[in-house]
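Student: Task: produce atomic coordinates for the following.
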Amino acid sequence: MPSGNLILPQERSRTTMNISPNGVIVPATADTTTEALLAEAYTHGVSLPEPVHSTIKGDPGALLVAAQDCNGSFENIPVKRKKGPAPRLTEPELCRVCGDRASGYHYNVLSCEGCKGFFRRSITKNAAYKCKYGGKCEMDMYMRRKCQECRLRKCREVGMLEECLLSEDQIKAKRLRRQSTDPASPAAAATPTLPAKMSPEQSDIVEQLLKAQREVLHPSKEDVEKVTPWPNDSDQSKEAAEARFSHFTDLTILGVQAIVEFSKRIPGFLRLTREDQIVLLKSSAIEILVLDVARRYDEKMDMLYFWNGLPYSRHNFKHAGLTELVNPMYDFSKRIRNVHIDDTAYAILASIIVLSPDRADVSDHKTVEKMQEVFLETLQAYIKTTMPSDRLLLPRILMKLTDLRAINNTHCEQLLALKVENHKIPPLLSEIWDVPQ
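Tutor: The predicted structure follows:
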């Protein structure tokens, strides 16, 4: 698997999509009758007459949004895709950290799989090591297991870069943490103090996001009733297991629909190109889904609350065949308990996640980056206004994006494993997360 950068869900080589007169993006082969029904429901909020999972059959990607000012003409948009694996070495070469056989260039350095994984784990976990031998260990294949501090130092000395691993917003969070813990540093001294109140522009952004959150992030009673019913717990048949799996995929579709609608209302989002809208939505959906569910985690009961307002236990997920897929969600939910994310902070953070300029295939990187910066400043101002005593809250919140990106990285592989086990993944979810049909 190529490394050195954050790995997003697997991508197909090239996809052609059409834009309907309603501004809805659909595959070129989509059924036009179903397309029209979904476009109407998507654009005007009309309830769908069929169960969630059956409505989207044969129409993958029909709910992905484009700009709403289409002129009514159909237009083919080739979505750029990166092709092929990372180039392999033609001759055996040695890892510059420990001398083992190198497997390729990882994080800017020719290195082995062991040192690649060690560097990634050390950075993502913000690990702090202590050398027992005075900090001067000579690094080789033996000492790499004995001294982690010197191994990490050697990784940096030979040129491994954190920037190749962390996303841009995570790098900003790391910088904020350093400044907060070292007030005497020049960077901290140069950081301007935010006013006690948010600016009118920031207040307006928050108001728009909260309005969108109230109106679209909670599915209607009618949509919830269309979710595949949960079988009796005593029923252990194959059909019951499939029904439980469909129950969760239907709930996930409700979550994806809500995220798409919410993203359309992020100030400035619809001014982006339609290609970038697709890329940003597809690559951020799982991260926002996990963050949303994690906020409603019941630590005492060890249960996750989904969009129908009902709690689910590990036992429920196990009997739906989803243990491996949901374990990272449980782990993240526990880690985020010490971070206070209220509805306002969540709405701003979700916007920051959507507007990540480092996503693969984003074309207008600078525009997306400038937009994200506005929401980062808004989140900082909001925290400064509402919780001024907690100087480390913002870095703690933003560093959770590292965990979400890691979940994103493994999500597609886990979905492929489910497909191998003959689980039926709905076309919409397959399209969003690039799972081959």
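Student: which SS state does L281 fall under?
Tutor: Secondary structure for L281, judged by DSSP: H, G, I helix; E, B strand; the rest coil, is helix.
Student: these two touch, right, it and V260?
Tutor: Yes. Using Cβ atoms under 8 Å, L281 is in contact with V260, at 6.2 Å. (Glycine included, C-beta is placed from N, CA and C.)
Student: Now the one helix or strand M399 maps to: buried residues?
Tutor: Assigned by DSSP states H and E, M399 belongs to helix 393-420. Using 16 or more other Cβ atoms under 10 Å as the test for burial, helix 393-420 gives 393-408, 411-412, 414-416, 418.
Student: what does stretch 150-160 give?
Tutor: Buried residues in stretch 150-160 (16+ other Cβ under 10 Å): C150, R151, L152, R153, K154, C155, V158, M160.
Student: Over to stretch 211-218?
Tutor: Under 16+ other Cβ under 10 Å, the buried positions of stretch 211-218 are A212, Q213, V216, L217.
Student: per-residue pLDDT, the third one?
Tutor: Read that as V216. Looking at V216, its pLDDT stands at 85.
Student: mind checking how far it is from P229?
Tutor: Distance, V216 to P229, by Cβ to Cβ, to the nearest Å: 25 Å.
Student: returning to what we had before: please name every helix or strand in contact with the helix holding M399.
Tutor: helix 168-181, helix 274-295, helix 323-335, helix 343-354, helix 365-386 (3 or more Cβ pairs under 8 Å, 6 or more residues apart in numbering; DSSP states H and E).
Student: Tell me which of these sits nearest to S246.
Tutor: Nearest to S246, of all the helices and strands packed on helix 393-420, is helix 323-335, at 14.4 Å by Cβ to Cβ.
Student: Mind giving me the packing neighbours of the closest one?
Tutor: Using 3+ Cβ pairs under 8 Å, 6+ apart: helix 323-335 touches helix 274-295, strand 304-305, helix 314-318, helix 393-420.
Student: on that earlier part again, who has more neighbours out of L281 and V260?
Tutor: A count of neighbours by other Cβ atoms under 10 Å puts L281 above the other of L281 and V260, at 24 against 18.
Student: For stretch 372-391, which residues meet the burial criterion?
Tutor: For stretch 372-391, by 16+ other Cβ under 10 Å, it's 372-384, 391.
Student: Make TSV from those and add distance to H319 to it.
Tutor: Output for the buried residues of stretch 372-391, formatted as TSV (distance: Cβ to Cβ, whole Å):
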residue	distance to H319
Q372	40
E373	45
V374	45
F375	39
L376	41
E377	45
T378	42
L379	39
Q380	43
A381	46
Y382	41
I383	40
K384	46
R391	45
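Student: In those residues, which has the lowest confidence score?
Tutor: R391 (83).
Student: What distance do you get for it to M399?
Tutor: Where M399 is concerned, R391 sits at a distance of 14 Å (Cβ to Cβ).
Student: want to throw the helices and strands packed on helix 393-420 into TSV with distance to F306?
Tutor: Formatted as TSV, the helices and strands packed on helix 393-420 follow (distance: least, Cβ to Cβ, whole Å):
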stretch	distance to F306
helix 168-181	27
helix 274-295	7
helix 323-335	11
helix 343-354	16
helix 365-386	26
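Student: Looking at the ones you listed, spot the one closest to N126.
Tutor: The closest of the helices and strands packed on helix 393-420 to N126 is helix 168-181. By Cβ to Cβ, the value is 8.1 Å.
Student: Since that was my last question, I'll sign off now.
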